[in-house]
Structure formats: structure tokens, C-alpha cells
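A.B. asks: got a sequence here, can you model it:
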Amino acid sequence: MKLLSAALLGTGLALAATTATAATEMRCSHQLPPAHAVSKVIDRWAAEVEALSNNEIDVQIFGANSLVGAKENIVSTAKGDIECAFSVQFQWGRTLPIMTVTTRPFAFGDLNIWRNWDGSDAANFLEDKLR
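C.D. replies: Next comes the predicted model:
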């Protein structure tokens with residue numbers, strides 16, 4: 001009985017040690033091909049996350065719609081099917097409509113809007129909404 005107890009305790013400790021040192025996987029989806037400039041930035045971002053987490057986070061990048069399609073990125077992340085996704089702002093339109101503000105042609109038709117944007121009431125409003 002002592003031998004069985006010792007074996008079970010040893011197995012339990014070994015499993016706990018394995019679990020404690022295993023990296024947390026973070027699967028990230030995007031629709032861009034590997035050679036795209038933004039894909040390369042995403043790859044650098046993933047490497048930096050892994051380095052800054054001391055490899056406690058294993059970032060797995062799935063580009064070119066290889067994990068989920070571009071239209072499913074947001075919903076899949078929100079449902080918890082995947083841990084992260086990179087999407088262009090207009091794909092958020094139905095989920096978070098405020099994200100499409102920069103695609104509105106009338107929003108920035110005047111250069112003075114750009115010059116005076118930082119700190120404006122509109123900028124502060126959007127910052128609050130995004131927070």
C-alpha cells in the first residue's frame with residue numbers, strides 16, 4: 001500500500017510539474033498571405049509576446065484564412081473558439097459598429113479635421129467608446 005501511495009504521489013507531482021511549466025497556447029487568425037507586410041509585423045508581434053512572457057505564452061499564427069475565415073475571426077474570438085484574431089476595422093461593423101467610423105467618407109473630408117483631431121470632442125468620445 002505504501003508503494004502504491006508513493007507511486008501515485010510521484011505521478012501526481014510529475015503531472016503538476018508538467019502542467020505548471022506548459023506554455024499557454026494562443027491561436028491567432030488572420031487572412032493575409034505570409035509575404036504580406038502586415039503578416040510579417042504580426043509574426044514579429046508573436047515573437048515579442050513569447051519573449052516578454054518568457055515563453056509562457058506560445059503564440060501560434062494562422063494566416064491566409066488557415067484557422068478560420070476572415071468573416072469568422074471576430075465571432076470565433078468572441079465565442080472563445082480561438083484566442084485572438086487580426087481583422088481590418090470594417091469587419092467589426094456588425095459586432096462593434098463604432099469601429100467603422102474611419103471608413104466613412106465624410107468623416108475626414110477636411111484636412112483641418114485631421115490637424116485638430118487629437119484631443120477633440122469626437123476623438124475623446126471614440127476613445128471612451130473603444131475603452
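A.B. asks: run through the bridge partners of residue 24.
C.D. replies: Using DSSP bridges, the beta-bridge partners of residue 24 come out as residue 57.
A.B. asks: measure it to residue 44 for me?
C.D. replies: To residue 44, residue 24 is 20 Å away according to Cβ to Cβ, to the nearest Å. (C-beta placed from N, C-alpha, C; glycine too.)
A.B. asks: residue 33 too?
C.D. replies: Taking Cβ to Cβ as the measure, residue 33 falls 16 Å from residue 44.
A.B. asks: ditto for residue 84
C.D. replies: 15 Å.
A.B. asks: neighbour-wise, which of those two wins?
C.D. replies: Comparing residue 84 with residue 44 by other Cβ atoms under 10 Å, the one with more neighbours is residue 84, at 17 against 10.
A.B. asks: contacting residues around the more buried one?
C.D. replies: 26, 27, 28, 29, 77 (Cβ atoms under 8 Å, 6 or more residues apart in numbering).
A.B. asks: can you flag which of the residues you listed belong to strands?
C.D. replies: Those of those mapping onto strands are 26, 27, 28, 29, per DSSP state E.
A.B. asks: touching, the second one and residue 82? I think so.
C.D. replies: Yep, that's residue 27 we're talking about. Yes. Counting by Cβ atoms under 8 Å, residue 82 is a contact partner of residue 27 at 4.8 Å.
A.B. asks: anything in contact with each of these two?
C.D. replies: Shared contacts of residue 27 and residue 82, defined by Cβ under 8 Å, 6+ apart, comprise residue 67.
A.B. asks: low-confidence ranges, the chain, go.
C.D. replies: Scanning the chain for pLDDT under 70 picks out 1-21, 93, 101-108.
A.B. asks: strands of that one, residue ranges please.
C.D. replies: Counting by DSSP E, the chain has strands at residues 24-29, 57-62, 84-85.
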